[in-house]
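> got a predicted structure plus its sequence, pasted below:
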Number of protein chains: 2
Amino acid sequence: MAVTDHPAPLAALLDGTLLGPGEPLLRPDDLGVLRGEGVFETTLVVDGEPRDLEEHLARLTVSAELIAMTVPAPAEWRRGVRAVVRAWTGDREMVLRLVASRGPESAGGPVCYVLGAAISPRSVRQRTRGVRVLLLDRGFSAAAAHAAPWLLAGAKTLSYGVNMAALRYAADHDADDVIFVGTDGGVLEAPTSTVVLARGRTLFTPPTQGILDGITVRRLFRAAAGVGWATGAQRLTGEELLAADGVWLVSSARLLAPVTAVDGKQLVGNSPATSALAGGSLTAQLAELLDVPVPVAGDDG
Amino acid sequence: MAVTDHPAPLAALLDGTLLGPGEPLLRPDDLGVLRGEGVFETTLVVDGEPRDLEEHLARLTVSAELIAMTVPAPAEWRRGVRAVVRAWTGDREMVLRLVASRGPESAGGPVCYVLGAAISPRSVRQRTRGVRVLLLDRGFSAAAAHAAPWLLAGAKTLSYGVNMAALRYAADHDADDVIFVGTDGGVLEAPTSTVVLARGRTLFTPPTQGILDGITVRRLFRAAAGVGWATGAQRLTGEELLAADGVWLVSSARLLAPVTAVDGKQLVGNSPATSALAGGSLTAQLAELLDVPVPVAGDDG
């Protein structure tokens, strides 16, 4: 999780103005930075087409409402998105971020912008090689979070410090990612993705109470239902992850990362050998449902 | 908690350079804004003298370590502080903030700066009129937070969204502030201050496990010990707050705010009548120990 130097992302304001590389935008008293007060969304652009943009804009609005903030209408965001997509000269895939900070303490109004950047080679690798995860206590249960709206458990806010700290903790303990578990033992979500589990021909994900409603999981479940999978939201435990036919972390940019180990215990269904996209594995089947771009041979970062 | 227009704060980089009013500083991909990744401190400057600056700089370094970040040495911060203090032309009191953001994703290194602003009239009023608080569930217990370092419970990070949401929740429910309570019923802290309780001639504060170590409480306890108070850290419950001879929220800028009601129940020891600084109340005694600047009559914002 160390900061590594890579090219500055493309950045555009909602009126379509592109910022210069490295050009500062936010004032030092912006509440987005001073207090982590703001909301964001991430999605993938493939061949110039942003995925599920309407759903991401809808969720951005919901997150904003949860922190008593009003963000511009979807049409205004689309203008900024178009500017970044048009200016992009990189690979087929671009990670698109929509950011709304509450703005300077000293002058009203959110600061909204769109970022476009290359997908990290690490994310691309994890689509095929998978991730070893740790189960970490999130400190609350889904029910408790739902009953305590000030905990902002269902909002995608700029206060992502705990999520980042959990990922660093994993990296320091020989793991790649984290699955948060509630104090009641219920699986919640990963710091930047949603948990999906396969048992027979059914895909499960935890109920959205107390966690973020995963847009890419909805996309996956729609596609899976179309080819005969049953899908459902259900309380899951750490033991059920280990006993599953497969577990994945699903998100908008990395898309689908098979979980190969939980707390150091190998997940047989997702062992590195069977999780390769080339195989006829469950991961390959689900990746096809999500139209995961197939990496060019040798393009391994 | 709505954003209200007020003058832009003074802002200086650590080399002493002052930013122009409204001049942007942070890039759009700064991890301080995108992820709430960074740390801060707040203290009060009275008549040009920053209070407890060494202790705040020490705590800033500890917070940074908890998120695997390195911040400049105290001597470098002091240069930025001096620049802001020298440029200040406002009232006797200035609120000083030290901010270290992790910096742009695309180029290494934290972005560090110092802000100086007037203390809000609301904070000044609350020193004498007190605050009505709600007890809100923080989602975890002190022990659980201590055992889960990724929850960052003892770090003062830029991911303050939950704290701000709790204050908004209070404002929406006819209260001024919040005291967070752990899932085990133990009093933790307030979103931007530390809880202190008086029982007889003893002042108590919750143990620092799982909460921020309050610098102004330490100052208060040192001064109180000098005039015959006993002081100690002890697990406290909501019931004990209601039964206390006085309860205060102690912080670096507002200093001392007497709690006048908890969940709508009046606290007799801190009723508005007895909490006025002019009276011989406990609040007046403690305020004197903290050298709370006495407001000029009529200077009520």
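Yes, it's here.
> state the distance from the nearest residue to residue A:52 once chain neighbours are set aside to residue A:156.
Take residue A:52 and drop its neighbours on the chain: the residue closest to it by Cβ to Cβ, 6 or more residues apart in numbering or on different chains is residue A:215, 5.1 Å away. C-beta: built from backbone N, CA, C; applies to glycine. Noted for residue A:215: a distance of 10 Å to residue A:156, by Cβ to Cβ, to the nearest Å.
> spit out the residues that contact those two alike.
Residues touching both residue A:215 and residue A:156 (Cβ atoms under 8 Å, 6 or more residues apart in numbering or on different chains): residue A:59.
> just to revisit the earlier point, surely the residue nearest to residue A:52 and residue A:56 touch.
Yes. Under the criterion of Cβ atoms under 8 Å, residue A:215 makes contact with residue A:56 at 6.2 Å.
> where do the contact lists of those two overlap?
A:43, A:252.
> phi and psi next, for residue A:138.
Phi and psi for residue A:138, reported as degrees, to the nearest 10, are phi -80, psi -10.
> ok, it to residue B:60 distance?
27 Å.
> ok, those two, which is more surrounded?
More neighbours surround residue A:138 than the other of residue A:138 and residue B:60, with 32 against 22 (other Cβ atoms under 10 Å in any protein chain shown).
> so what's the more buried one up against?
Contact partners of residue A:138, counting by Cβ under 8 Å, 6+ apart, are A:180-183, A:188.
> leaving out chain neighbours, which residue sits closest to it?
Computed as Cβ to Cβ, 6+ apart, the closest residue to residue A:138 that is not its neighbour in sequence is residue A:180, at 3.9 Å.
> ok, how many other residues are close to that neighbour?
With other Cβ under 10 Å as criterion, residue A:180 counts 23.
> quick check: which element contains it?
Element membership for residue A:180, per DSSP states H and E: strand A:177-181.
> beyond that strand, next helix or strand please.
Following strand A:177-181 in sequence order, the next helix or strand is strand A:194-199 (DSSP H and E).
> just checking, what packs against that following strand?
strand A:202-205, helix A:215-226, helix A:238-243, strand A:246-251 (3 or more Cβ pairs under 8 Å, 6 or more residues apart in numbering or on different chains; DSSP states H and E).
> what residues does the stretch 151-300 of chain A have near chain B?
Within reach of chain B by Cβ under 8 Å from any Cβ of the partner chain, the stretch 151-300 of chain A has these residues: A:151-152, A:155, A:157-166, A:168-169, A:178, A:183.
> strands - which of these land there?
Among those, the members falling in strands (DSSP state E) are residue A:178.
> narrow the residues of the stretch 151-300 of chain A next to chain B to those in helices?
A:161-166, A:168-169 (DSSP state H).
> ok so, going back, just name the most buried of the helices and strands packed on strand A:194-199.
Comparing those by mean neighbour count (mean count of other Cβ atoms under 10 Å in any protein chain shown), strand A:246-251 comes out on top with a mean of 26.
> any weak-confidence spans in chain A?
Along chain A, the parts satisfying pLDDT under 70 run over A:1-6, A:269-280, A:294-301.
> residue A:109 and residue A:103 touch, don't they?
Yes. Under the criterion of Cβ under 8 Å, residue A:109 makes contact with residue A:103 at 4.9 Å.
> tell me which of these two has more neighbours.
Using other Cβ under 10 Å as the criterion, residue A:109 and residue A:103 rank with residue A:103 on top: 22 against 11.
> mind checking how far the more buried one is from chain B?
7 Å (Cβ to the nearest Cβ, to the nearest Å).
> contacting residues for that residue?
Per Cβ under 8 Å, 6+ apart, neighbours of residue A:103: A:30-32, A:109-111, B:3.
> what about 7 Å?
A:30-31, A:109-111, B:3 (Cβ atoms under 7 Å, 6 or more residues apart in numbering or on different chains).
> quick check on these: which are buried?
For the contacts of residue A:103, a neighbour count by 16 or more other Cβ atoms under 10 Å in any protein chain shown gives the buried set as A:30-31, A:110-111, B:3.
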